[in-house]
Each structure stands twice: as structure tokens, then as C-alpha cells.
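In: sequence and computational prediction follow.
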Amino acid sequence: MLNDLSPAPTAKSHVLTPDQMQLFESIAMDKLGLPGLVLMETAGHQLAKTIAAHHPDYRRCIIFCGPGNNGGDGYVAGRYLLNWGWSTECWSSVHCDVLRGDALRQYQAYAASGGTVRFSDGWSPDEIATIDPGTVLVDGLLGTGLKGSVRGRIGDIIDALNKLDNPVVAIDLPSGVCGLTGAILGQAVRAEHTVSFHASKRGHWLYPGAEYRGSLSVADIGLSSELHQFDESTLLHLAGPELLQELFSPRRADTHKGTYGHVMVIGGVNGRAGAPQLTSDAALAAGAGLVTLGTSKNVVSYLARDAYEVMVAPLYETELDGSWWNGLNRYSSAVIGPGLSPDAEVGRRLFSAVKHITIPVVLDADGLNHLAQQSEDVFLGDSWVLTPHPGEAARLLNIPIAAVQKDRVACVQALQEITGSVIVLKGANTLVAGREGRISVCPVGNPGLATAGAGDVLAGMIGSLLAQGYSASRAALLGTLWHGVSGDQLWKKFGQKTLRARDIIEQLRDVEACYQN
């Protein structure tokens, strides 16, 4: 089995919660002897450099500063921009008497450098509408630790900012976005670009907050990730598409189709035959040496008619019988569920056979729905991969779909703990919960993948990687990335509305051409 290879942890691969970032800063200040004022100075300097680099044609900036550290970062950035010849103002959301600590000292340094500050008693949110369109606006109103709903004056400021066409740069996280869940706390700033410090935060990647951040950069503020004192299972890990390079190393010359595994795809009844066909074709396209589609006897002739490379076998009648799993363990992996009958008896027979299955399995589609209908929790183990979309996850957890989307991290953790399996929670920025609860976020894919059969293709790809010897965790992660990058390449070629599941299968080879070593 191939190892669970992972990139070396870096500040940019870790995705922190607001509390983790706050704790990390405290650890860094204690171990390195760096006062908070120094960290704020570094962060503000990096912010100013990013503003100048991203907006070379602008020379005017208004920074909206709150009373906390984000506001302090804004004052630092304003001071540097002034020194670089920019016309800069800071508009504070509070009165000067409210400022304390490092934010107060940075305001004083900015003012001593000749910077203009307008405090809350000197301007109205209505004035935002009169700002010149050639001005960069910077959102430093609220920090990442926001928990309550935005209201009052801050809400009015955010509403006014969102009505302008000016470029908006958010400090660390757009004001109003929850840094933990990505929820919108009443209302939030829609930024063109967000500058995060040291590491990205969960709210940058979880929707709907991810829609508000615009493009994202992570600024180095001189803190080594080795200072992290967190259990890996408490962190999100950003899984970039560069990981795909490990999939495409040249194959050895002395190999044959048996070297790359034999996938059994189980599913298909009348009216549901297309799903397992897509899964089977995807498994073959993703590199499996052999694929057999085990299906019901009443659709065998239909599927066999168009199956050129995939073998088709009559595995059961219209429903799984008691011996359907006989011989299954001679395959390298299985994908169970695409196009499977929804009849409850199928689910009973499926999960009564779990104890007999020793090969790695992907459970998808109606396989997941049958799992949700079991009267007791079913512990499947870490050689199984479950691939629910939000609706299927809601059924598995017996909660509303809205609750899944409200806290996707908590839901993927709960599913992993209940089943002991690797979980792929599909959706925008798919989450993969792997071995020992490690959760990765996959920042690839687009709405074009919201099309019939796309999930069946993903299941086949993961099943293929399992057959080739990848661990369940790695197969799930790499399969998800490959699938998402394929969708993104198709988007660039053709747009989103016309994307079909079969297009993803055809695109896999182009992704290989881009990422092969």
C-alpha cells in the first residue's frame, strides 16, 4: 500500500480557527519574546505591501479601523503607505477614547507621521457614498473572533461599503464573516482581496464566507509553523492541486493490467443503469487495470452493449440476494451504491454482509441512503470511503441539510467518528476527513460540477486509486483533487452550464498531462 504522503506542514497548509490563531500568537510571543506590538507592526507592513502590489495604479487609500488588532494593523499599513507617497486616511468606527493597548500605540504612531484620522464622531456612514472611485478601501473594522451578529453603526458602514465599486481589501477576514464556520453574522463586507496573516482561517474556505473574501493571500509575519502546539486532528489542512504530481509518475516497464488493480462496481437496476456505467468508466480512466460492473440481471444486456473496456457481470436479480458478496474479496476494491435499488431489503442485505468484506470499499449514492436507514450505527472502518453530498450527510446524521451546511467541519468529523471511515463531504471546497480525523479542504472545483453523474465519476476515481494501492485517506484526497481540477479545466475551456459528467472522464488525461512528473 502506498503511504499517506503529505506535504510538510507549513503555515500556508494549516487552516486555523480564530482561537487557534490567538493561542498561537500568545505562544509565539512567549517563546520568541516578541511583544504584540512587533507582530502588529510586521502584519501591517505586509498588508501595506500587498495593497501597493495589487493596486499599482492607485495612490489613494481609506482604511476603516475598528478598536481591535485589525484596526491597529490598519494604522500600521496607513503609516507605510504614507511614507510611500500615498494619500491615506483612517476612518475609525469608534471614538479615540475607546482605543487601548497596541492599537492605541499604532494610532499614535500613524498620527505622529502626519496621517489623518477621522473618529466616529467626525463622520457618518452616509459619507462613504461620496468616496472617490479611485480610492482603495481597506476593511479593518472587525476581527476574526467575531461571534455575535453585526448591527448598528458597523452594519451601516458595511452596507455602504458594499454599495461602492471601489476595490476593497479585507484585513485577515472580511468583517461579518465567522472565522470558525464561514457563516455570515448578519451582514459582511464583500472584499476583492483578503490578506490573512501567518495562516488562512476556516472562514476563508467554508461557505458562504468563502464567497466574501475575494482572492486570498497569506502574509508571512515571521512565525515558524513549528511553534504550533495543536493536535493535527484539530487543524484543517489545505490540499493544493500540486499534490496531484504524485499520481502521475511514469509506470514501470515490467507491469501489466493486474498490477493496477481490479475494481468491482456494484449497482444498476432498470432506470438507474447510467450511474454505475459512469462509475466504471471513470475507474478505468483513472488508471485501474481492470473494471467489472456487477449489476442486476435485467440490465446486463443493456450495459454490456456499450461496455468496450469494462466487463459486465450479472451479480444479482433486481435486489441483492443473500450471497451477492461471494467472490467479492478477490477484487482489489469495490464501489457500492451508484444506481443501486432503493428498496429497504437491499440495504438490510448489504450491511449484513459488511463483516465478510475485507477489500477497500467506496460507499456512494443509494449505498449511503441505505446506511442512513439502518436502525443502529454501522462501524465500517478505515478501509471504507463514504462520499455523501450535503443531503446524504443530513440523512446519515438525521439533521436538516441547513445544519450540515452551517457547520460542515463538525458534520464531517461526526460522520468519521460514527463510521470510522474516510469521509468525503462533497460541495464547494469539499472536505475530506481521513485517518485519525485529519481533515483536508480541497479548494478546487466549480458550480459546473453540480451536474447529474459527477458524484458517480468521483466514486469511480476513488475506487480506482484504492485498487492501485493507495490508502483510503490518500485515494479520497487525490481523487477529489483530480476530479475538481478536471472540472476547473473544463470551466476554462467551455464554461460551467454545459459541463457533463462524461466530460470529466475525458478530461482526466489532460490533467495528467499538466501534472505528470
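Out: That came through fine. Small disclaimer: the values here were computed from a predicted structure and weren't measured.

In: could you look up the SS state of residue 459?
Out: Assigned state for residue 459: helix (three-state reduction, DSSP: H, G, I helix; E, B strand; the rest coil).

In: swap in the one 3 residues further on?
Out: Judged by three-state DSSP, the three-state class of residue 462 is helix.

In: what's the next secondary structure element after the helix or strand of the chain with the lowest mean pLDDT?
Out: Ranking every helix and strand in the chain by mean pLDDT, DSSP states H and E puts helix 300-305 at the bottom, with a mean of 80. Toward the C-terminal end, the helix or strand that comes next after helix 300-305 (DSSP states H and E) is strand 311-316.

In: is it correct that residue 79 falls within a helix?
Out: Yes. Per three-state DSSP, residue 79 lies within a helix segment.

In: that one reaches residue 113, doesn't it?
Out: Yes. Judged on CB atoms under 8 Å, residue 79 makes contact with residue 113 at a distance of 5.0 Å. All C-beta atoms are positioned from the backbone trio N, CA, C, and that covers glycine.

In: who's more crowded, those two?
Out: For residue 79 against residue 113, the residue with the higher neighbour count under other CB atoms under 10 Å is residue 79, and the figures read 25 against 14.

In: tell me who's in contact with the more buried one.
Out: With contacts defined as CB atoms under 8 Å, 6 or more residues apart in numbering, residue 79 is in contact with 44, 106, 109, 110, 113, 115.

In: could you do residue 387 as well?
Out: 362, 363, 364, 368, 424, 426, 455, 458, 459, 462, 476.

In: the second one: neighbour count?
Out: Pointing back at residue 363 there. The burial count assigned to residue 363 is 25, neighbours taken as other CB under 10 Å.

In: that one and residue 333, how far apart?
Out: 12 Å (CB to CB, to the nearest Å).

In: and residue 222, what pLDDT?
Out: What the model reports for residue 222 is a pLDDT of 85.

In: go on, residue 3?
Out: Among the per-residue scores, residue 3 shows a pLDDT of 31.

In: and for the closest residue to residue 34 other than its chain neighbours, the neighbour number?
Out: For residue 34, ignoring the flanking residues on the chain, the nearest one in space by CB to CB, 6 or more residues apart in numbering is residue 28 at 6.3 Å. Other residues within reach of residue 28 by the criterion other CB under 10 Å amount to 20.

In: now do the SS call for residue 28.
Out: In terms of secondary structure, residue 28 is helix; the call rests on three-state DSSP.

In: quick check, residue 154 in contact with residue 143.
Out: No. At 12.0 Å, residue 154 does not count as touching residue 143 under the criterion of CB under 8 Å.

In: output the below-cut-off pLDDT ranges for the stretch 351-500 of the chain.
Out: Low-confidence segments of the stretch 351-500 of the chain, defined by pLDDT under 70, are absent; every residue clears the threshold.

In: any shared contact partners between residue 154 and residue 143?
Out: residue 66.

In: which residue ranges of the stretch 401-517 of the chain form helices?
Out: The residue ranges that make up the helices of the stretch 401-517 of the chain, judged by DSSP state H, counting those that start in this stretch, are 401-406, 408-419, 454-467, 472-494, 501-515.

In: can you list the ones you listed in JSON lines and add mean neighbour count?
Out: Formatted as JSON lines, the helices of the stretch 401-517 of the chain follow (neighbours: other CB atoms under 10 Å):
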{"stretch": "helix 401-406", "mean neighbour count": "17"}
{"stretch": "helix 408-419", "mean neighbour count": "20"}
{"stretch": "helix 454-467", "mean neighbour count": "30"}
{"stretch": "helix 472-494", "mean neighbour count": "23"}
{"stretch": "helix 501-515", "mean neighbour count": "17"}
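
In: take the contacts of residue 79 and keep only those in helices.
Out: Judged by DSSP state H, the subset of those located in helices is 44, 106, 109, 110.

In: now, which of these sits nearest residue 394?
Out: Sorting these by how near they are to residue 394, with CB to CB, puts residue 44 at the top with 43.1 Å.

In: once you drop chain neighbours, what's closest to that closest one?
Out: If you skip the residues right next to it in sequence, residue 44 has residue 76 as its closest partner in space, 2.2 Å away by CB to CB, 6+ apart.

In: can you pull the contacts of the one you found?
Out: For residue 76, the residues meeting the contact criterion (CB under 8 Å, 6+ apart) are 40, 41, 43, 44, 45, 47, 48, 106, 109, 110.

In: if I look at the second one, how far off is residue 112?
Out: So the one you mean is residue 41. 14 Å.

In: looking at the two, which one has more neighbours?
Out: Taking residue 41 and residue 112 together and counting by other CB under 10 Å, residue 41 has the greater number of neighbours (21 against 9).

In: can you confirm the more buried one is in a helix?
Out: Yes. According to three-state DSSP, residue 41 belongs to a helix.

In: excluding chain neighbours, what is closest to it?
Out: Nearest in space to residue 41, with sequence neighbours left out and distances taken as CB to CB, 6+ apart, is residue 76 at 5.7 Å.

In: quick check: that neighbour vs residue 449, distance?
Out: On the measure of CB to CB, residue 76 and residue 449 end up 41 Å apart.

In: okay, the ones in helices among the contacts of residue 79 in a markdown table with neighbour count and distance to residue 202 next?
Out: Below are the ones in helices among the contacts of residue 79 laid out as a markdown table (neighbours: other CB atoms under 10 Å; distance: CB to CB, whole Å):
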| residue | neighbour count | distance to residue 202 |
| --- | --- | --- |
| 44 | 30 | 23 |
| 106 | 26 | 27 |
| 109 | 18 | 32 |
| 110 | 26 | 31 |
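
In: nearest to residue 317 among the residues you listed?
Out: The nearest member of the ones in helices among the contacts of residue 79 to residue 317, counting by CB to CB, is residue 44 at 69.7 Å.

In: ok, the host helix or strand of residue 263: who's next to it in the sheet?
Out: Secondary-structure element containing residue 263, defined by DSSP H and E: strand 262-266. According to DSSP bridges, the neighbouring strands of strand 262-266, each with its direction, are strand 290-296 (parallel), strand 333-336 (parallel).

In: kindly export the first one (C-alpha atoms) in PDB.
Out: What follows is strand 290-296 as a C-alpha-only set of coordinates in PDB (Å, rounded to 0.1, in the frame of the first residue of the first chain):
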ATOM      1  CA  LEU A 290      -9.500  -3.900 -14.800                       C
ATOM      2  CA  VAL A 291     -13.100  -2.900 -14.000                       C
ATOM      3  CA  THR A 292     -16.100  -5.200 -13.700                       C
ATOM      4  CA  LEU A 293     -19.600  -3.800 -13.300                       C
ATOM      5  CA  GLY A 294     -21.600  -6.200 -11.200                       C
ATOM      6  CA  THR A 295     -25.300  -5.400 -11.800                       C
ATOM      7  CA  SER A 296     -28.800  -6.800 -11.900                       C
END
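
In: in that strand, what counts as buried?
Out: Along strand 290-296, the positions that meet the burial threshold by neighbour count (16 or more other CB atoms under 10 Å) are 290, 291, 292, 293, 294, 295, 296.

In: isn't the first one right up against residue 264?
Out: This points to residue 290. No. Residue 290 is beyond contact range of residue 264, at 9.5 Å (criterion: CB under 8 Å).

In: thinking again about what came up before, same list (the helices of the stretch 401-517 of the chain) but as CSV, adding distance to residue 342.
Out: CSV is the format used below for those (distance: least, CB to CB, whole Å):
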stretch, distance to residue 342
helix 401-406, 19
helix 408-419, 20
helix 454-467, 15
helix 472-494, 25
helix 501-515, 20
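
In: closest one to residue 320 among those?
Out: helix 454-467 (17.9 Å).

In: show me how far the closest one is from its chain's centre.
Out: Taking the mean C-alpha point of helix 454-467 and that of its whole chain, the gap between them comes to 19 Å (CA atoms, centre = their mean, to the nearest Å).
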